[in-house]
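Asker: pasted the sequence and its predicted model underneath.
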Amino acid sequence: MQVVSRPLQKRPASLPAQLLRQYLLLLKAYPILTKSVTSGILSAFGNLLAQAIERRHRNKDSSKSVDINAPLRYAIYGLFFTGPLSHFFYLYMEHLVPPTASFAVVQKLLLDRLVFAPAFLLLFFCVMNFLEGKDLSTLSERMKTGYWRALKMNWKVWTPIQFINVNYIPVQFRVLFGNLVALFWYAYLSSIKK
């Protein structure tokens, strides 16, 4: 009896595999735009998460609906600031501190934590204040009451994450890695901004 083998039929890739493949193609073809759009979407989701947590914390008071403008502000911030600035910062960091430099691991982490983080957080406070239509006195008050607290929390939360990010994550995936963690970080920032 002769055994006839049938050619293997390729199964269609799973949806997550298809999405990943598409993301990688877009990342290669349009790195800044892809990182910017991803940042915008994930920033908006982070704010929606913050609103859901806040509502749950207030004993499920359903009388207050979702503030649709807040995720839009976060999407704008992610699209126009987080994505592009992070993209160029990570490229510049690689140029400024090549992997072969002495203590490159420490230098990259210090550059991120002591230069980029404080400036980026300041930018966040300023842009959000502007997008909310608030005046400079509101910004000044928010800076006095929230900036230092947010920066200290940033150093606590983001230092181990950024250690991994700047030293072990390939440069083209650093913005995405940061965005995934930032989902929860933006939830925190939304809560202290109030």
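Answerer: Cool, the structure landed. Numbering: from 1, shown residues only.
Asker: got the contact list for the helix or strand of the chain with the lowest mean pLDDT?
Answerer: In the chain, no helix or strand scores lower on mean pLDDT, DSSP states H and E than helix 174-193, which sits at a mean of 81. Helix 174-193 is contacted by residues 35, 38-39, 42-43, 45-47, 49-51, 53-54, 70, 74, 78, 82-83, 86-87, 90, 124, 128, 142, 146, 149-150, 153-154, 157-158, 161-162, 164-166, 169 when judged by C-beta atoms under 8 Å, 6 or more residues apart in numbering. Where you see a C-beta, it was placed from the backbone N, CA and C, and this is true even at glycine.
Asker: and what of stretch 34-48?
Answerer: Contacts for stretch 34-48 (C-beta under 8 Å, 6+ apart): 23, 26-27, 66, 70-80, 82-84, 86-87, 175-176, 179-180, 182-187, 190.
Asker: please apply the same query to stretch 89-98.
Answerer: Counting by C-beta under 8 Å, 6+ apart, 104, 107-108, 111-112, 116, 166, 171, 174-175 sit against stretch 89-98.
Asker: could you redo the last one with a cut-off of 6 Å?
Answerer: 104, 107-108, 116, 171, 174 (C-beta atoms under 6 Å, 6 or more residues apart in numbering).
Asker: from these, which land in strands?
Answerer: Among these, no member falls in strands (criterion: DSSP state E).
Asker: how about residue 100, what does it touch?
Answerer: No contacts exist for residue 100 under C-beta under 6 Å, 6+ apart.
Asker: state the distance from it to residue 107.
Answerer: For residue 100, the distance to residue 107 equals 12 Å [C-beta to C-beta, to the nearest Å].
Asker: likewise for residue 171?
Answerer: From residue 171 over to residue 107 (counting by C-beta to C-beta), the distance is 15 Å.
Asker: what mean pLDDT does the longest helix along the chain get?
Answerer: Of all the elements of type helix in the chain, the one with the most residues (DSSP state H) is helix 31-57. With pLDDT averaged residue by residue, helix 31-57 scores 91.
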